[in-house]
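> Pasting a predicted model and its sequence here:
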Amino acid sequence: MTNGKRKAESAPEIDLAEVAKLVETLERDLEKVRGGSRDVQILRDEVETLKNVLNSPVRRHHWVREGLHGIRQGFENVVDSAVAEGLRAGQYIAEIGRMLGM
């Protein structure tokens with residue numbers, strides 16, 4: 001068994017309803033962001049991907065976990081490039097970390 005697989009198995013189960021609320025809020029906030037930097041577009045794409053996972057008839061918690069990690073990384077990139085105008089990046093990063101048990 002790989003170390004990564006063990007981590008995923010021992011991680012707490014994610015509350016899918018809570019993730020869905022987060023995705024809705026993120027979508028609203030991302031609509032307010034002006035400009036089309038590459039990092040913001042990647043973040044939008046990650047949110048859309050996670051939304052599709054949540055709307056799938058087959059929901060896998062590890063897919064949701066990967067999607068949350070992607071969004072968290074996207075926020076870190078947006079913050080690093082200083083284009084997070086109108087976004088509450090720190091709040092989202094903390095919330096996603098909490099959902100992931102970090």
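Looks like it came in fine.
> alpha carbons only for contacts and neighbour counts from here, please
OK.
> what helices or strands is the helix ranked longest in the chain leaning on?
Counting residues, the longest helix in the chain under DSSP state H turns out to be helix 61-80. Helix 61-80 sits against helix 38-55, helix 89-99, with contacts defined as 3 or more C-alpha pairs under 8 Å, 6 or more residues apart in numbering; DSSP states H and E.
> To E18, which of the ones you listed lies closest?
For the helices and strands packed on helix 61-80, proximity to E18 was assessed by C-alpha to C-alpha; helix 89-99 is nearest, at 8.5 Å.
> Flag the shaky bits of this structure, pLDDT-wise.
Counting by pLDDT under 70, the chain has low-confidence residues at 1-11, 35-36, 80-88.
> Go again with 50.
The chain contains residues with pLDDT under 50 at 1-2, 4, 6, 8, 83.
> coming back round to it: list the contacts of the longest helix of the chain.
Contact with helix 61-80 is made by 8, 13-14, 39-40, 42-43, 46-47, 49-50, 53-54, 84, 89, 92-93, 96-97, 100, as judged by C-alpha atoms under 8 Å, 6 or more residues apart in numbering.
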